[in-house]
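In: below: sequence and its predicted model.
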Amino acid sequence: MKFCRLLCVSQCLNMSSLSAPLGQSTFAGNSNENYLPPQQICAVPYRTVPYRNLHLCAALGPFRGCKHPRISYSPFLMGSPEHLHATLKKMSLSTCTTQLTPVYDPYEPDNEWDVETPLKNRRCDAEIPAEGKESSAVVSTSMESVSEHGVSSRVQWGSKYEFILSHIGFCIGLGNVWRFPYVCYKNGGGAFFIPYVICLLTTGIPIVFLEIALGQYFATGGISCWDISPVFRGVGYATTTVVFWLNIYYIVVLAWGGVYLVYCFAYIASDLPWTTCNNAWNTVNCLAPNYTAVASGNVTLDASNATVHTDPAVEFWEKQILNISGGIDHLGGVQWKLAVALLIVWIVCYFCVWKGVKSSGKVVYFTALFPYVMLIILIFRGVTLPGAMDGLKYYLTPNLSKLKEPGVWIDAGTQIFFSYAVALGSLTALGSYNSFTYNCYKHSLYLCACDTITSFFAGFAVFTVLGFMAHELGVSIDNVAESGPGLAFIVYPKAAAQMPGGVVWAILFFIMLLLLGLDSQFVAIEGFVTALVDVYPKVFRKGYRKEIFVASVCFLWYLIGLLTITEGGMYVFQLFDYYSASGLCLLWIAFWECVVVGWFYGADRFYDNIQLMIGYRISPWMKWGWQYAGPSFTAIIFLFSIIKYEPLVYNRLYQYPMWAQIIGYLLALSSMMCIPGYMLYKICQTPGLLKQRWRTATTACIPDRPEAKKAKKVTSFDLLYINGEEQHTRT
């Protein structure tokens with residue numbers, strides 16, 4: 001029998017007035033079961049005490065010292081050092097200083113000892129992290145080990161920073177730059193942060209932590225992890241379906257950005273092509289504004305001119321980049337420039353993920369950090385522009401009356417899901433490559449704060465430029481404010497052209513755009529691949545099968561993605577974006593994630609799992625989020641979104657035909673129906689009466705990872721050390 005991690009209460013515990021009920025514990029060698037004579041206790045066993053409400057100590061995590069010990073409890077106990085003192089005092093124990101010290105690390109096999117080994121021979125001075133510092137979050141695995149059947153084992157992140165940067169790169173993407181600032185401005189400016197923060201605390205952070213912790217505890221991807229309640233495995237299939245569609249069209253944005261970047265370098269010594277009307281793609285209606293004249297007041301822009309003439313930036317985007325047709329009915333041919341750009345981006349993504357986290361973990365050091373450098377440069381440049389302060393006023397001025405509108409709360413909730421990339425299965429995949437003892441709780445809190453702060457400051461980069469542009473044109477910011485592709489490929493390039501050294505700023509902007517999208521894309525690919533590989537490990541973890549599988553799905557996505565770069569491809573892109581990975585799909589999946597963990601697997605049970613990993617019991621905030629706030633908010637926003645549903649319109653003018661909208665509904669239902677569909681399939685497949693089938697189908701059948709099994713042994717052994725003699729019981 002092995003013994004794991006001893007807690008010593010090493011200072012004097014005067015037990016002269018020990019009450020009789022404490023002596024009712026049944027440990028070996030106690031001659032009087034009703035009375036425990038006064039002794040100096042070295043280790044207090046929590047299960048030898050009959051009162052289960054006693055908050056005595058049991059260890060599951062590293063900590064040090066007696067000043068501010070980091071205490072970890074067994075799944076059966078809660079409390080603090082002060083609570084321990086108070087409990088002993090109630091038991092008529094006079095206590096001195098209580099010093100808590102771990103004996104050794106239970107996750108190091110070489111440090112396991114038999115219980116018969118005398119305590120004095122055990123190593124009680126094992127190296128422990130300094131107070132206030134975390135233990136190493138991630139175990140490096142440089143090469144995959146291969147079993148006797150030729151199946152490679154799962155690798156882990158080479159460093160905790162690889163996981164942190166991968167999470168940052170995935171969540172902080174294009175939506176932070178081109179969606180959040182506009183949504184914030186549209187919904188009351190600074191007042192929007194009130195519903196945003198409420199949704200973040202009650203729904204966003206708990207679901208982010210849920211997905212990461214679920215992957216980390218079971219070390220598996222976004223499908224098999226839902227075997228915690230097998231009837232809901234459809235949740236995993238739903239997330240995988242959403243990310244399948246997402247990988248088809250999201251990467252097209254990178255192809256557009258790549259073509260723009262090439263044009264920037266091609267015209268580095270001359271005017272940018274979207275600022276002039278003397279190009280082959282321009283029409284007779286093209287009118288290049290004289291920004292200098294407009295700013296000086298010599299030229300006025302009236303509504304009639306705006307309806308007759310078109311901006312060169314718009315013509316460059318629609319005629320040269322998209323070569324857009326009249327509607328989705330006329331797809332036309334593939335744009336060869338975009339096809340080449342899309343192929344290059346797919347090749348880059350493939351070589352970022354083909355070796356799994358061993359390759360993608362190294363790439364994120366650049367792709368996740370460099371956009372911050374670009375963003376800071378653009379912010380500093382933006383605030384120095386004329387009219388920048390006017391833009392910031394539009395962005396930040398609170399309009400509290402907006403809080404009465406339900407649409408503001410709907411936008412806050414859906415923005416949380418877009419920003420934090422939940423309900424895609426990729427966070428579960430990222431967490432599954434962590435070491436068992438990584439503190440994913442603190443990680444989730446810090447990374448969610450980082451995402452929110454990044455979104456907020458991205459608004460400075462956007463609205464300072466929009467304020468400058470409105471100032472130059474002599475119009476209101478309402479007339480230039482845009483979101484989505486319109487902001488990235490029309491408004492911002494046009495604004496960059498007005499700045500001194502506009503080519504440089506355009507290059508920096510598109511480099512930032514590419515890097516923001518690139519790491520989001522290959523993490524989404526990793527999430528999809530991990531989900532399927534973990535379902536069929538014996539198929540894909542042999543030889544180079546995984547690499548071949550990744551290449552195959554990337555090529556498939558490229559072929560389907562060609563539809564989005566035809567002459568009517570922009571309409572196809574909008575169809576995918578509006579339906580396949582819409583807020584409705586994400587809200588539906590997130591609702592079931594909370595229900596499954598909070599009520600079927602059990603929030604308290606999952607708390608026990610988390611405690612085994614991070615070494616302490618987290619606050620009940622997360623449990624409330626999974627059981628009550630999360631399902632309530634997602635259900636309410638889901639219903640309001642259906643009530644306020646409006647058919648898809650492109651560019652405020654083009655109405656999609658009914659057949660295209662039906663395709664959009666099918667794209668949305670392809671993921672949403674996975675949950676009830678698999679539920680019905682599982683119940684029909686399970687033998688027995690209906691009640692027996694339901695009980696069987698909702699009983700967890702997922703195995704713990706090896707480290708979890710080892711950690712659970714800590715709670716199965718009790719030790720009492722009295723008068724220099726070690727006495728123990730087995731539970």
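Out: Looks like it came in fine.

In: tell me which stretches of the stretch 501-650 of the chain form helices.
Out: In the stretch 501-650 of the chain, the segments counted as helices under DSSP state H, counting those that start in this stretch are 502-535, 537-540, 545-561, 569-575, 583-595, 603-614, 621-624, 630-643.

In: Phe463 is nearest to which of the ones you listed?
Out: With Cβ to Cβ as the criterion, Phe463 lies closest to helix 502-535 of the helices of the stretch 501-650 of the chain, at 14.7 Å. Every residue, glycine included, has its C-beta placed from N, CA and C.

In: I'd like the average pLDDT over the closest one.
Out: Helix 502-535 shows an average pLDDT of 92 in the prediction.

In: residues in contact with the nearest residue to Val383 once chain neighbours are set aside?
Out: Counting by Cβ to Cβ, 6 or more residues apart in numbering, the nearest residue to Val383 once its immediate chain neighbours are dropped is Thr464, at 5.4 Å. Taking Cβ atoms under 8 Å, 6 or more residues apart in numbering as the criterion, Thr464 is in contact with 379, 382-383, 385, 388, 391-392.

In: same deal with Met499?
Out: By Cβ under 8 Å, 6+ apart, the residues touching Met499 are 381, 385, 468, 505.

In: mind checking how far it is from Asp608?
Out: Distance, Met499 to Asp608, by Cβ to Cβ, to the nearest Å: 57 Å.

In: buried residues in stretch 379-390, which are they?
Out: Neighbour-count burial for stretch 379-390 flags 379, 381-383, 385, 387-388, 390 (criterion: 16 or more other Cβ atoms under 10 Å).

In: among those residues, which are in helices?
Out: Under the assignment DSSP state H, the buried residues of stretch 379-390 contribute 379, 381-383, 388, 390 to helices.

In: now distance to Thr275 too, for these, in a markdown table please.
Out: Conversion of those to a markdown table gives the following (distance: Cβ to Cβ, whole Å):
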| residue | distance to Thr275 |
| --- | --- |
| Ile379 | 24 |
| Arg381 | 18 |
| Gly382 | 19 |
| Val383 | 23 |
| Ala388 | 21 |
| Asp390 | 23 |
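
In: so what's Gly61 scoring on pLDDT?
Out: Reported pLDDT for Gly61: 32.

In: and what of the one 10 residues further on?
Out: Ile71 carries a pLDDT score of 33 in this model.

In: over to Leu100?
Out: pLDDT, Leu100: 35.

In: go on, the one 10 residues further on?
Out: At Asp110 the predicted local confidence, pLDDT, stands at 37.

In: before we move on, back to that, quick check: the farthest pair among the contacts of Met499?
Out: By the measure Cβ to Cβ, Phe468 and Trp505 form the most distant pair in the contacts of Met499, at 11.3 Å.

In: re the thing from before, from the buried residues of stretch 379-390, which is closest to Leu515?
Out: Proximity of the buried residues of stretch 379-390 to Leu515 was ranked by Cβ to Cβ; the top entry is Ile379 with 16.3 Å.

In: show me what contacts that closest one?
Out: Counting by Cβ under 8 Å, 6+ apart, Ile379 touches 457, 460-461, 464.

In: equivalent analysis for Tyr267, please.
Out: Tyr267 makes contact with 273, 503 under the criterion Cβ under 8 Å, 6+ apart.

In: measure it to Tyr665 for me?
Out: 43 Å.

In: what pLDDT, on average, does stretch 266-273 get?
Out: Here the average pLDDT along stretch 266-273 is 90.

In: so Ala660 sits against Leu575, correct?
Out: Yes - using Cβ atoms under 8 Å, Ala660 is in contact with Leu575, at 6.2 Å.

In: strands of the stretch 601-731 of the chain, residue ranges please.
Out: In the stretch 601-731 of the chain, the segments counted as strands under DSSP state E, counting those that start in this stretch are 649-650, 654-655, 717-722, 725-730.

In: the first one pairs with which strands, and in what direction?
Out: The one in question is strand 649-650. strand 654-655 (antiparallel) (DSSP bridges).

In: and the partner strand, how far from the chain's centre?
Out: Distance of strand 654-655 from the chain centroid (Cα atoms, centre = their mean, to the nearest Å) equals 34 Å.

In: and if you look at stretch 626-645?
Out: In terms of Cα atoms, centre = their mean, the centre of stretch 626-645 is set 20 Å apart from its chain centre.

In: residues making contact with that stretch?
Out: Contacts of stretch 626-645 (Cβ under 8 Å, 6+ apart): 199, 202-203, 206-207, 210, 406-407, 409-410, 413-414, 583-584, 587-588, 590-591, 593-595, 597-599, 603, 606.

In: what about the helix or strand hosting Cys184, average pLDDT?
Out: Using DSSP states H and E, Cys184 falls within helix 180-186. Summarised as a single mean, pLDDT over helix 180-186 is 85.

In: can I get it in CSV, CA atoms only?
Out: Extracted in CSV, the C-alpha atoms of helix 180-186 (Å, rounded to 0.1, in the frame of the first residue of the first chain):
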residue,chain,number,x,y,z
PHE,A,180,-16.3,44.4,-30.3
PRO,A,181,-15.6,48.2,-30.8
TYR,A,182,-18.5,48.6,-33.1
VAL,A,183,-20.9,46.6,-30.9
CYS,A,184,-19.8,48.6,-27.9
TYR,A,185,-20.4,51.9,-29.8
LYS,A,186,-23.7,50.8,-31.1
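
In: so Ala660 and Leu575 - more neighbours on which side?
Out: Leu575 (22 against 19; other Cβ atoms under 10 Å).

In: what sits against the more buried one?
Out: 328, 648, 656, 660, 663-664, 667.

In: hmm, back to that, so what sits against both of Ala660 and Leu575?
Out: Shared contacts of Ala660 and Leu575 (Cβ under 8 Å, 6+ apart): 328, 648.

In: now do the phi/psi pair for Thr310.
Out: Taking degrees, to the nearest 10, you get phi -120, psi 150 for the backbone angles of Thr310.

In: isn't it up against Ala288?
Out: No - checked against Cβ under 8 Å, the pair Thr310 and Ala288 is beyond contact range at 10.3 Å.

In: follow-up on the earlier one: any chance of the helices of the stretch 501-650 of the chain in CSV with distance to Met679 as columns?
Out: Output for the helices of the stretch 501-650 of the chain, formatted as CSV (distance: least, Cβ to Cβ, whole Å):
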stretch, distance to Met679
helix 502-535, 18
helix 537-540, 25
helix 545-561, 27
helix 569-575, 28
helix 583-595, 10
helix 603-614, 21
helix 621-624, 24
helix 630-643, 17
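
In: to Lys402, which of those helices lies closest?
Out: helix 630-643 (15.4 Å).

In: list the buried residues in the closest one.
Out: By neighbour count on 16+ other Cβ under 10 Å, the buried set for helix 630-643 is 630-631, 633-635, 637-638, 640-641.

In: ok and that helix relative to helix 583-595, angle-wise?
Out: 160 degrees (axes from the mean of the first three to the mean of the last three Cα atoms, to 10 degrees).
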